Structure formats: structure tokens, C-alpha cells
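> just a sequence and a predicted model for now, questions to come.
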Amino acid sequence: MNDFQQQTLSHAQALLDNGAQAAPVWLSELREQGARRFADTGWPTRRTENWKYTPLGSLGKKSFSVAQPEPALDAPAQLELDAYRIVINNGVLDRAASTQLPPEVTLFGEANAEQTAIIEKHLGRLADSEQHLFAAMSEALLAEGVLLHVPANSVLDKPLYIVNQVSDESDCLANTRLLVVLETGAEAEVIEHYLTASDASAGFVNAQTEVVIGDNARFKHYRLNLEGEAIHHVGGVFAELQRDANFDGFAIAKGAELMRIDYGLLHRGPGAHVELNGVYLPRNKQLVDYHTNVQHCVPHCTTNEVFRGIIGDRAKAVFNGRIHIHKDAQKTLAELSNKNLLTSNKAEVDTKPELEIYADDVRCAHGATVSQINDAALYYLQTRGVSKSQARVMLSFGFVNELIQQVANPAVLDYLMPELAQQFGRDTDLLLLDGDSFE
Amino acid sequence: MLRIDNLHASVEDKQILKGLSLEVKPGEVHAIMGPNGAGKSTLGNVLSGRDGYEVGEGVVEFNGKNLLELEVEERAREGLFLAFQYPVEIPGVSNMEFLKVSVDAVRKHKGLPELSSVEFMKLARATSQKVKLDQAFLKRGVNEGFSGGEKKRNEILQMMLLEPSLCILDETDSGLDIDALQTVADGVNAMRNEDRSFIVVTHYQRLLDYIVPDYVHVLADGKIVKSGDKSLAKELEAKGYGWLEGGVA
């Protein structure tokens, strides 16, 4: 057993010992289950299919301190947004920086009886700790979490904006958990924003999100992984869609020491629809790894998934996009596209589409491409006086901008554009040149 | 303005231009006509500096400079403009942004101050009206989903904004309906002046009814085999190219 495993298990044991009298039974049981599964699963090796291209050798030697309450000193910029805001610093809730929460949102530790019943029923059900090593770790070390429960036919009137920031350099461990339960006909929007005070901010973030989307309910979700490159982040978004449910997701990740995000989306009721767009932009020697797994278990569901990445310098990206269409899932419409642009000949991408179809009346399209900058477009820009280096930047940006422009929330878009402009070394004014503001 | 002397050029070891000579003085409009495969598009590509076009022998002087030594973008900044036969679609890069970046680059080279965003947008809007390109196209990706005619109008829009001294129109008329052709020609004619020159490369005589050239040249098998005034175009329309190619061989 490596240092990381031993450390995780000893933290887990400490929680079980200390919390015995304070923790409710369900929590102790969940921690025990997580610790057991974490130990049983063992550490991934190069032969572990799920981690084949993202070796965890160096993580195994890392040690992290359990998060201590510590307010952020230089809090990075947040979205300018009218929202219910929860700020988590180094894994610990910062009440002063958070807003008053609506009745739909609670911390696990402050849940009433009805909410506790919901947590007990759903927590850990979708983030399967038997399948996912870090979901098991999340359970084993679970200290606190956020529940969003929207009752039938009601709408959360403002987005829930969760800011998860690492601001110290002491290798803290931030183990965070979000559970969303939307009853029939409910609607909510959640923005998960991960950031760091600087590129030197180090730490291990394990952030698992589970979403239960009831009949005809609609969920809009943003997961913005805009942390500095010293961070280790493993995370998951696991959602279940009942009849006519809608999941509309957007993901963006800059690279880091380790940046691994799993999406597990389950079509459980006919008529459900998944829309998922993602962008990843590793540079230097950073890594980004997205694993997505969409399962169609019932007929008449649709999935439209598009991921694009720009990989520069000596960076590496892994994209594994799986669509599994079960035997009864007739009339499925599923499309997955993954396009990658390498801007350096030392950059690497491992893209693996996986399509498993056990129904005969379905329509599926699945494609992955890796390319370099388009020479014809480069020449065209140059013939208009644009320098080669600037043209390359414009073309790279254009490659992902197509997806970014589809971001529906204007506050997210306004935040991302300058952030990306900086990443691409561009003039923000120009990017926002759409003319409307000058009518 | 432009002096081409005995230009030889090849693509992938295939010799395309075989001793082409041409002199263009300020204010002149030269039409270059010729059969398919004569090297018409190669001329535009060589002059603009496209990768993959090897120049063997020959000299090209542009405003006293050795054009062949300049980078693609330097040629553009010096005042050379190529209107593409097949303009490239660039999704994700907005047309407005592209136009601004390119106008800024050329103005900077000329020692002119950058236009502010507001100034530029006013200019771009007014110019797009002149070429009858709806303003919505300024917000779209560069040429993204444009029809053939819209792409050509966008080329002329760029030409008007960049105010080059030498404009090369590479089969800009191909595939255009009369309305679009008229608009393109109006754009060119509005820009004609005593300092600005044009090389109009075309397969069809029709364009020259709208843009009346000072000289017409026939390009066949990599060199200019006959030159004349605008009446030569009429003659070509009537007789085809066969009689000339025969003469060359």
C-alpha cells in the first residue's frame, strides 16, 4: 500500500473513531463502506483500463494534510452573478463569504429529518464507490456536503454557485460533495467553480457530484475547473435522468498536475435528453483527463456530446467517451464528437471512443479527430496582414470558441472570455466585439 | 508598381509557370485570361507567397522591393491583396474580429494609429453596406456558412477596408450570379484610382464587361502568349483559346 492509500485510510479511521458518538449512523456506515472499498480496489496500475493513460504513480507518493478552516487571503475573482453562493476554502465552508441559503439548499450536517432521508436515500447511489476509487475515498473521508433539493414543479429562483477554492500552499486535502435531487417537473441551475489563489496553490481536490433528475425535470450544470497547474483534482459528475428529464452540461478544464473528471450519465426514463459540451486546454506539462460514460437503458432518449481540446507544449490530454446502448434502448439518438488540436509536436492526446450497442433500432454517431492548425486558414489570415503567430492564436481560439459561444449563462461567458483571452494571449476587447454594445 | 520578369514556378516538382513576364503600372487594370491549367491561380499564389510554390528563376519587384523575399503577411502589409477564388471558412473566429486584426496590422505597418473598436465597427458596417453584405455576416465566423456570392462580397469588403495598392482578383467572378457580379464590379470600380492597380484573373469574358481592363493578356502553358487591349477579350470569347495554344506549341 502506498503513502497516499495509507494516509487516506488512517484519516478515515480517525474520522470513524472520533466521530463515533457525534456522527449519525448513516454517515458512519457510508464512511466505513468507502474505506473498505478504497482498500479493496487497490491502486491503479498501467494495466487498469480506466487509468491507462493517466498514471497515478506520483500521486501515490504524495501526502496531504486534512483540510483546516482557513479563510482565503487573496480570494481569486468570482463570477459576477446574482446567485446563492457557497464558498469553500481549502475544503472548508467559509460562511462569511457565502450568502444566505434558500430552503432548498442545506449542508448535510444541518439537514432536517426530511432532507436527511433524501441524503440517506441517494448519497453514494450514482457515484458508485465500487467502480470509482476516488468516489470510495470521498465516502471514506466524508465530513460535510451540500444538498440541493428542489420540490416538485418548482424552480430554484437563482442559480446555486459553489466556489471551491484552494488558497494555501500546504497541500491541503479538499474532499467535497454535492447532491442534487430534482423532483418531478423541478428546475435548477448549478455552477461549480474550482479555482486557486495562484499557480503555486497546491492541494488535492476530490469533488464528487450526484444529480437525480426526476420526471420532466431540468438541470443546467456548469463545471469550471480553472485551477492553477500545481493542483491535483479528481472529480465526478454522476447524473440519473428519469422520464423526459433534461441535463444540460458544460465543462471546461485547464490542465494541472492531475486533472481527472468523470461524467457518468444514465438515461433511466424514456424521452430524456443529455446535452454536454466540454473544452480542455492543457499547456506546459499539464494533464487533463475526461472520462465520460453515457448509458441508454430505455428507449427514445437522446444524447448530444461534444468535447474539444487544445493541447500545447508538452501537455497531455486524455479523452475517453463511452456510449453504452442497452438492449431495450430502441430509438436512441446519440452523438459524440471529440476534436483535438495539437499546437506543439511534443503535445499528446489519447482519445478513445467507445460505442457499445445492444439495440438494433438506434442512430449513433461517434467520432474523434486529432489535427494540427489548418494551413489553408493560416495562409488566408496571413494574406490579410496577420502575423503567423497571431494567426495561430486566432485559429486555436476559434477552435474552442465555437463551443464557448454556446454557453447560455452570460455571467459564465463574461468570466470565461477574458480568462481564455489571457490563456491565448489576446486582447479581450476584440473577443467581445460583437457590435451589440455599440448599436 | 509590379514588375514580373521571366518567372518560373513549380508545385510538387511540376513546372507550372514557365517564364512569365508582366509589368503593371500604377492605376492600370490588367486582365489575365486563359484556359484551365494554364497557371492562372498559381500566379496569385506565388505573388501572395503561399507555401508549396517553388520559384525557380525570375524576378518579382513590388514597389521597388524584392517581393519573393517577403513573408506572406509582409506582402499584405506592403499593399498586395489577393481576393481568393475559394475563400477559406474559419468557424469560431468572428468576421468582425478578423477584419479588425487585419486592418490594425496593415495600418500599423503604414504608421497609422489603430482605429478604436467603435470607429472600426462604424467603418465595417458602412463598407458592408457598399458590398451589399448584411451586417449579420460581420458577427458570424469568417466565411462560415456563407454562400458563394457572400464569400466573394466578403473578399471585396476586406479589399475595401485594407486599401491595398495592388489587388489580384483570382477568378472572383466564377460561379457568381449577375447581381453579385455587379456588386463585386462596383466595388472594384469604386476603388479604381491613379495609384491603385488591379490584376483580374478570369476564365470568362463576362466580368470584363463590368470591370473594363486597360490590358488583356492570355496565359497559356505557364507564360503570357498574347497581349492586347480589351478587344482581345471579345476575340477570345468568340474564338476560344485553341488558336493561341496551337500557336504556342
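Happy to help now that I have it.
> give me the number of residues near residue 48?
Picked chain A for this. Other residues near residue A:48 number 15, with proximity taken as other Cβ atoms under 10 Å in any protein chain shown. All C-beta spots, glycine's among them, are computed from the backbone N, C-alpha and C.
> look at chain B instead
22.
> now it. Nearest residue, chain neighbours left out?
Distance criterion Cβ to Cβ, 6 or more residues apart in numbering or on different chains; nearest residue to residue B:48, sequence neighbours excluded, is residue B:82 at 4.3 Å.
> any residues of chain B in contact with chain A? List them.
Contact residues (Cβ under 8 Å from any Cβ of the partner chain) of chain B with chain A: B:48-51, B:71-73, B:75-77, B:81-82, B:84, B:87-88, B:90-94, B:96-98, B:100-102, B:105-106, B:109, B:117-118, B:121, B:125, B:135, B:138-139, B:141, B:158, B:162.
> now, of those residues, which are buried?
Among these, the ones that count as buried by 16 or more other Cβ atoms under 10 Å in any protein chain shown are B:48-50, B:72-73, B:75-77, B:81-82, B:84, B:87-88, B:90-94, B:96-98, B:100-102, B:105-106, B:117, B:121, B:138, B:141, B:158, B:162.
> helices of the chain, start to end?
All of this refers to chain A. A:3-18, A:25-41, A:57-60, A:113-122, A:133-140, A:375-382, A:388-404, A:410-423, A:428-431 (DSSP state H).
> looking at chain B here, not the other one
Per DSSP H, chain B carries helices over the ranges B:40-48, B:72-77, B:95-109, B:117-130, B:136-139, B:148-162, B:178-191, B:207-210, B:231-239, B:242-248.
> was I right about residue B:124 contacting residue B:97?
No: taking Cβ atoms under 8 Å as the definition, residue B:124 is not a contact partner of residue B:97, at 10.6 Å.
> returning to what we had before: show the contacting residues for the residue nearest to residue B:48.
The contact partners of residue B:82, taken as Cβ atoms under 8 Å, 6 or more residues apart in numbering or on different chains, are A:383, B:44, B:47-48, B:168, B:170.
> which residues touch residue B:159?
So residue B:159 contacts B:81, B:83, B:167, B:187, B:191 (Cβ under 8 Å, 6+ apart).
> any idea how far the residue of the stretch 101-250 of chain A found nearest chain B lies from residue B:123?
Taking Cβ to the nearest Cβ as the measure, the stretch 101-250 of chain A has residue A:250 as its residue closest to chain B, at 16.2 Å. Distance from residue A:250 to residue B:123, counting by Cβ to Cβ, to the nearest Å: 35 Å.
> tell me which of these two has more neighbours.
The residue with more neighbours, out of residue A:250 and residue B:123, is residue A:250; 23 against 16, by other Cβ under 10 Å.
> OK, now which residue of chain B is nearest to chain A?
In chain B, no residue comes nearer to chain A than residue B:92, which is 3.0 Å away by Cβ to the nearest Cβ.
> go ahead and confirm that residue touches residue B:140.
No: at 10.5 Å, residue B:92 does not count as touching residue B:140 under the criterion of Cβ under 8 Å.
> filter the contacts of residue B:159 to the buried ones?
B:81, B:83, B:167, B:187.
> restricted to strands, list these.
When DSSP state E defines the strands, the subset of the buried ones among the contacts of residue B:159 inside them is B:81, B:83, B:167.
> residue contacts, residue B:43?
Taking Cβ under 8 Å, 6+ apart, we find residue B:43 in contact with B:17, B:20, B:32, B:168, B:199, B:201, B:219.
> turn the helices of chain B into CSV, including mean pLDDT.
As requested, those are exported to CSV (pLDDT from 0 to 100):
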stretch, mean pLDDT
helix B:40-48, 94
helix B:72-77, 96
helix B:95-109, 94
helix B:117-130, 93
helix B:136-139, 91
helix B:148-162, 95
helix B:178-191, 93
helix B:207-210, 92
helix B:231-239, 86
helix B:242-248, 61
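> quick one: which of the ones you listed is nearest residue A:210?
Between residue A:210 and the helices of chain B, the tightest spacing by Cβ to Cβ is seen for helix B:136-139, at 39.3 Å.
> what residues does the closest one touch?
Residues from elsewhere that reach helix B:136-139 (Cβ under 8 Å, 6+ apart): A:434-435, B:94-96, B:99, B:124-125, B:128, B:146, B:150, B:154.
> just the buried subset of these, please.
Buried by 16+ other Cβ under 10 Å: A:435, B:94-96, B:99, B:124, B:128, B:146, B:150, B:154, out of these.
> and the closest residue to residue B:92 other than its chain neighbours, how far from residue B:181?
With sequence-adjacent residues excluded and distances taken as Cβ to Cβ, 6+ apart, residue B:92 is closest to residue A:398, at 3.0 Å. Going from residue A:398 to residue B:181 by Cβ to Cβ gives 30 Å.
> next, count neighbours for the closest residue to residue A:283 other than its chain neighbours.
Closest residue to residue A:283 apart from its sequence neighbours, by Cβ to Cβ, 6+ apart: residue A:312 at 4.4 Å. Residue A:312 has 20 neighbouring residues, counting by other Cβ under 10 Å.
> residues contacting residue A:312?
Residues near residue A:312 by Cβ under 8 Å, 6+ apart: A:281-284, A:342-344, A:347.
> what is the most widely separated pair among the residues you listed?
A:284 and A:342 (14.4 Å).
> compare those two (neighbour count), which wins?
Per other Cβ under 10 Å, whichever of residue A:284 and residue A:342 has more neighbours is residue A:342, with 19 against 12.
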